[in-house]
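S.K.: Fold the following, please.
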Amino acid sequence: MKPLVAIVGRPNVGKSTLFNRLVGRRVALVQDEPGVTRDRHYADAEWEGRHFTFIDTGGFVPGDEDQLLRQVREQAQLAVDECDVIVFVTDARAGLTAADEAVANYLRKSGKPVVLAANKLDNTSGQMQALAGEFYRLGLGDVQALSAEHGLGMQELFDSVVARLPPKEEGEDAEAPPDDGIIRLAIIGRPNVGKSTLVNAILKEKRVVASEVAGTTRDPVDSELTYKDRKLLLTDTAGIRRKKSIAQRVEQFSVVAALKVMERSDVAVLLMDATEPAVDQDAKLAGLAEERGRALVIVVNKWDLVGADQRRQETYRESLKHSLKFVGYAPILFTSALTGSKVEKVVDVATELADQFRFRAPTPQLNRLLDHMVDNHPAPIVRGKPLRMYYIAQVAAAPPTFTITVNHPDGVPDMYKRYITNQLRKTFDLRVPIRLIFKGRPGQAKREARKRPQRQGKR
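M.R.: Model (predicted):
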């Protein structure tokens, strides 16, 4: 599991702007208004050979009794509880506030390494540095002066974060789970959708506690199973471990727990409740499986409570495919974990997906397919010249990853990427994530560099 770095601070200090800047793309919603970020966002980053995951949190308002703000605060507390390093963001232009001091007191009690970031400093003049200096009074060590909006001070911030990360563990950066013949299934989903009941139904024994009370399962639980001569490891993910800082409240669902389990799994089994439509949390979990490159099977549980016929099932399926179209390749199954209906089908499909997850295609067949694709759907014009595709090879499995040699690696349109991906799925019957890497021919960069002076001379 990659180390986790939580970005916390009171509302409207620029946490989401900093998050987007650090991960290099617009992930979190940014608006000049307090409280826009209510949930947590996750994105990977890399600096000086260390890979880690940033967590963007909502505004931290200690002691606020408003129900929504209290939930936002709990989300931030949960991120702090699970992370390895904290980036505490303050607004240097506004100066040190009582809310900053309250947050600092909480972070100090957490015992976690803290990087204090004084944001909204639009230049590095002595006057601006003086504004940042006020925050030394918090007693959290050095203060990193920066501007997330303008990208100032990012290198120094990254250096400070990496310096506080725990020692690197073996296999920490591994994208794929170990290939030891064991199929690892992560059972994920919102509270009370029947995850533990499904595990018990698959195992045909009461291995984990199942209850109608949301959050019954607190820690991920591993269960081994031999199914049709295949060894499986089922992990029932859960709500966060109960912490003193959250008193007796339990988070609705721990995305961090799901992240940890997914990173060592082959297949994510996303369980949904048939009595409720797909919600944002379901989409978020499906998106995490896609981002992590994990095979995904969507299981609609409690279908016995709906009492629906085949027509209703197909309507439900189409609705799901529309709302989760970014994982449209994922199989959708309808089950009842309580009655055991179609439970074995879940394992059968997950096992098939695990094999596809580690699929390897013969290179000659791949290149025949590439020729066929180009003949039937010619590549578009890029920078005034036809996009030429010379060669394709599979460079990795888990998930299947293909490198395509082209004349303009940065110019392949998204539409054509989707066309290639769909043809690979159709040809090899793949219902798992597929990764495409486009690269130029050997020596192409040098050849283009030699041509530039000639072109400039002709102008």
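S.K.: does the residue sitting nearest the centre point of the chain count as helix, strand or coil?
M.R.: Nearest to the mean C-alpha position of the chain, by Cα atoms, centre = their mean, lies residue 288 at 3.7 Å. Classification of residue 288 using DSSP: H, G, I helix; E, B strand; the rest coil returns helix.
S.K.: Quick check: it touching residue 260?
M.R.: No. Assessed by Cβ atoms under 8 Å, residue 288 is found out of contact with residue 260, at 11.2 Å. (C-beta placed from N, C-alpha, C; glycine too.)
S.K.: what pLDDT does residue 378 get?
M.R.: pLDDT for residue 378: 91.
S.K.: what's the burial count for it?
M.R.: 11 (other Cβ atoms under 10 Å).
S.K.: next one: residue 422
M.R.: 13.
S.K.: residue boundaries of the helices in this structure?
M.R.: 15-23, 67-82, 98-110, 126-133, 154-164, 195-203, 255-262, 280-291, 303-306, 310-323, 343-357, 363-376, 414-428, 444-458 (DSSP state H).
S.K.: can you tell which of those is closest to residue 47?
M.R.: helix 154-164 (4.3 Å; Cβ to Cβ).
S.K.: tell me which strands and helices the closest one is in contact with?
M.R.: helix 15-23, strand 41-47, strand 85-91, strand 114-119, strand 143-145 (3 or more Cβ pairs under 8 Å, 6 or more residues apart in numbering; DSSP states H and E).
S.K.: Can you convert those into TSV and add a column each for distance to residue 179 and mean neighbour count?
M.R.: Formatted as TSV, the entries for the helices and strands packed on helix 154-164 read as follows, by distance: least, Cβ to Cβ, whole Å; neighbours: other Cβ atoms under 10 Å:
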stretch	distance to residue 179	mean neighbour count
helix 15-23	29	23
strand 41-47	22	17
strand 85-91	31	25
strand 114-119	37	26
strand 143-145	41	23
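S.K.: and the ones you listed, which one is worst for confidence?
M.R.: Per-stretch mean pLDDT for the helices and strands packed on helix 154-164 is lowest at strand 41-47 (a mean of 84).
S.K.: Could I have the CA atoms of it written out in CSV?
M.R.: Output of strand 41-47 as CSV, limited to C-alpha atoms (Å, rounded to 0.1, in the frame of the first residue of the first chain):
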residue,chain,number,x,y,z
HIS,A,41,-10.8,12.7,-2.8
TYR,A,42,-7.8,10.4,-3.6
ALA,A,43,-5.1,10.7,-6.2
ASP,A,44,-1.6,9.2,-6.6
ALA,A,45,1.6,11.3,-6.9
GLU,A,46,5.3,10.6,-7.3
TRP,A,47,8.3,12.5,-6.2
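S.K.: residues in contact with it?
M.R.: With contacts defined as Cβ atoms under 8 Å, 6 or more residues apart in numbering, strand 41-47 is touched by 2, 16, 19, 22-25, 27-28, 51-56, 158-159, 161-162, 255, 259, 288.
S.K.: Just the buried residues of those.
M.R.: Neighbour counting over the contacts of strand 41-47 (16 or more other Cβ atoms under 10 Å) leaves 2, 16, 19, 22-23, 27-28, 52-56, 158, 161-162, 255, 259, 288 as the buried ones.
S.K.: Ok, which of the helices and strands packed on helix 154-164 comes nearest residue 397?
M.R.: Once those are compared by Cβ to Cβ, strand 41-47 is nearest, at 20.2 Å.
S.K.: Pairing partners for that closest one, with directions?
M.R.: strand 50-56 (antiparallel) (DSSP bridges).
S.K.: Report the inter-axis angle for the strand it pairs with versus helix 255-262.
M.R.: Angle between the axes of strand 50-56 and helix 255-262 is 150 degrees (criterion: axes from the mean of the first three to the mean of the last three Cα atoms, to 10 degrees).
S.K.: Pull the distance from strand 50-56 to the chain's centre.
M.R.: Strand 50-56 sits 10 Å away from the centroid of its parent chain (Cα atoms, centre = their mean, to the nearest Å).
S.K.: Could you pull up the mean pLDDT of that strand?
M.R.: Taken as a whole, strand 50-56 has a mean pLDDT of 89.
S.K.: Could you double-check that residue 144 sits in contact with residue 160?
M.R.: Yes. Using Cβ under 8 Å, residue 144 makes contact with residue 160 at a distance of 5.8 Å.
S.K.: Which among the helices and strands packed on helix 154-164 is found nearest to residue 199?
M.R.: Nearest to residue 199, of those and by Cβ to Cβ, is strand 41-47 at 24.9 Å.
S.K.: Now do the phi/psi pair for the residue lying closest to residue 428 once chain neighbours are set aside.
M.R.: Among residues not flanking residue 428 along the chain, residue 361 sits closest, at 5.9 Å (Cβ to Cβ, 6 or more residues apart in numbering). Note on residue 361: backbone dihedrals following degrees, to the nearest 10 are phi -100, psi 140.
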